[in-house]
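Undergrad: I'll drop the sequence and a predicted model, then ask my questions.
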Amino acid sequence: MAETVQTPSGSDVETAIAVLDEAGRTYGGSSVAVEALKPTNLTVARGDLVAVMGPSGSGKSTLLHVLGCLDRPTTGRYLLDGRDVSHFADRELAAVRNNTIGFVFQRFHLLRDETAQRNVELPLLYAGIARPERRKRAAEALASVGLAERVTHYPGKLSGGEQQRVALARALVKRPALLLADEPTGNLDTAAGHRVLEIIEEENRGGTTVILITHDPEVSARARRRLTMRDGVLTEET
Ligand SMILES: Nc1ncnc2c1ncn2[C@@H]1O[C@H](COP(=O)(O)OP(=O)(O)OP(=O)(O)O)[C@@H](O)[C@H]1O
Ligand SMILES: [Mg+2]
């Protein structure tokens with residue numbers, strides 16, 4: 001059964017990693033405005049594994065972009081790790097992203113002209129971490145996704161599944177509290193998709209909160225919490 005997600009309140013909110021409080025997102029001007037995310041309430045507990053499903057165009061990516069500080073809500077509030085980030089300036093949002101969030105996209109978004117190693121080092125570079133430490137941590141992150149042998153490869157020389165694991169290593173290299181993944185297995189075959197999912201689940205067992213978008217019922221079945229988006233309205237399976 002699906003029901004509307006409850007208004008955030010009480011101690012759950014204080015300990016949550018992410019809280020949407022009537023947060024909504026409208027795109028475009030007043031004449032052609034698209035209310036991609038209707039005012040939404042959501043409280044995500046630390047350590048949770050949440051799957052979001054729903055038809056194309058229903059607002060799933062919009063939701064994830066707000067949760068990932070890639071975008072601001074145009075109405076309501078977003079509390080991330082106890083801080084209201086709804087009105088943060090771009091620079092502040094970028095800092096929050098770098099410190100708290102790992103983001104994985106369906107189409108990998110790797111830099112073509114940089115090796116796997118350099119791609120994974122980038123978040124550490126932005127964080128001002130010195131080169132020897134960067135190299136060490138990026139190599140460890142690549143090893144943890146099973147790509148120790150591919151550090152000098154360029155994305156174009158890697159399979160889709162390998163590219164997505166590089167993207168995962170990049171998202172995880174700073175040990176984010178919150179990992180967001182927008183259809184991370186959408187462009188992969190079954191075996192490669194399973195591998196990526198296993199890495200995400202392993203990370204979740206280590207304490208990282210995970211919110212992922214998926215069209216795959218098998219993937220969503222493995223989540224602890226299942227949300228559905230329809231026409232910008234979020235409901236929860238109970
Ligand atoms: N930058 C934008 N400007 C204007 N409208 C947008 C923008 N991004 C998304 N939209 C619109 O908002 C609605 C929700 O889009 P969104 O990308 O969140 O859907 P989705 O559920 O992720 O779809 P898909 O499964 O195809 O990825 C769509 O109608 C889309 O056209
Ligand atoms: Mg989308």
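TA: The structure has been received and is ready for your questions. Ligands and ions are numbered 1, 2, ... in the order given.
Undergrad: so what's the most centrally placed residue in the chain up against?
TA: When Cα atoms, centre = their mean is applied to the chain, the residue found nearest the centroid is Leu180 (1.2 Å). Residues near Leu180 by Cβ atoms under 8 Å, 6 or more residues apart in numbering: Leu64, Leu67, Gly68, Ile101, Gly102, Phe103, Val104, Val210, Ile211, Leu212. C-beta: built from backbone N, CA, C; applies to glycine.
Undergrad: go again using 7 Å as the cut-off
TA: Leu64, Leu67, Gly68, Ile101, Phe103, Ile211 (Cβ atoms under 7 Å, 6 or more residues apart in numbering).
Undergrad: same deal with Leu70?
TA: No residues are in contact with Leu70 under the rule Cβ under 7 Å, 6+ apart.
Undergrad: And what about it, helix, strand or coil?
TA: coil (DSSP: H, G, I helix; E, B strand; the rest coil).
Undergrad: top helix in this protein by residue count?
TA: Secondary structure of the chain per DSSP state H: the longest helix is helix 190-205.
Undergrad: hmm, back to that, the contacts of Leu180 into JSON lines, with extra columns for neighbour count?
TA: Listed next are the contacts of Leu180 as JSON lines, based on neighbours: other Cβ atoms under 10 Å:
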{"residue": "Leu64", "neighbour count": "22"}
{"residue": "Leu67", "neighbour count": "25"}
{"residue": "Gly68", "neighbour count": "25"}
{"residue": "Ile101", "neighbour count": "22"}
{"residue": "Phe103", "neighbour count": "21"}
{"residue": "Ile211", "neighbour count": "25"}
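Undergrad: Sort out for me which of the residues you listed are in helices.
TA: Filtering the contacts of Leu180 for helices - DSSP H - leaves Leu64, Leu67.
Undergrad: What residues of the one helix or strand Arg135 maps to count as buried?
TA: Assessed by DSSP states H and E, Arg135 sits inside helix 131-144. Neighbour-count burial for helix 131-144 flags Arg134, Arg135, Arg137, Ala138, Ala139, Ala141, Leu142, Ser144 (criterion: 16 or more other Cβ atoms under 10 Å).
Undergrad: Excluding chain neighbours, give the residue nearest to the fifth one in space.
TA: What that stands for is Ala139. Spatial nearest neighbour of Ala139, chain neighbours left out: Val151 (6.2 Å); criterion: Cβ to Cβ, 6 or more residues apart in numbering.
Undergrad: Ok, the fourth one next?
TA: Sequence neighbours aside, Val120 is the residue nearest to Ala138 in space, at 4.0 Å (criterion: Cβ to Cβ, 6+ apart).
Undergrad: Which element, helix or strand, includes the one you found?
TA: Applying DSSP H and E, one finds Val120 within helix 116-126.
Undergrad: Could you check the angle that helix makes with helix 131-144?
TA: 130 degrees (axes from the mean of the first three to the mean of the last three Cα atoms, to 10 degrees).
Undergrad: Output the contacting helices and strands for helix 116-126.
TA: Contact partners of helix 116-126 among helices and strands, from 3 or more Cβ pairs under 7 Å, 6 or more residues apart in numbering; DSSP states H and E: helix 131-144, helix 160-172.
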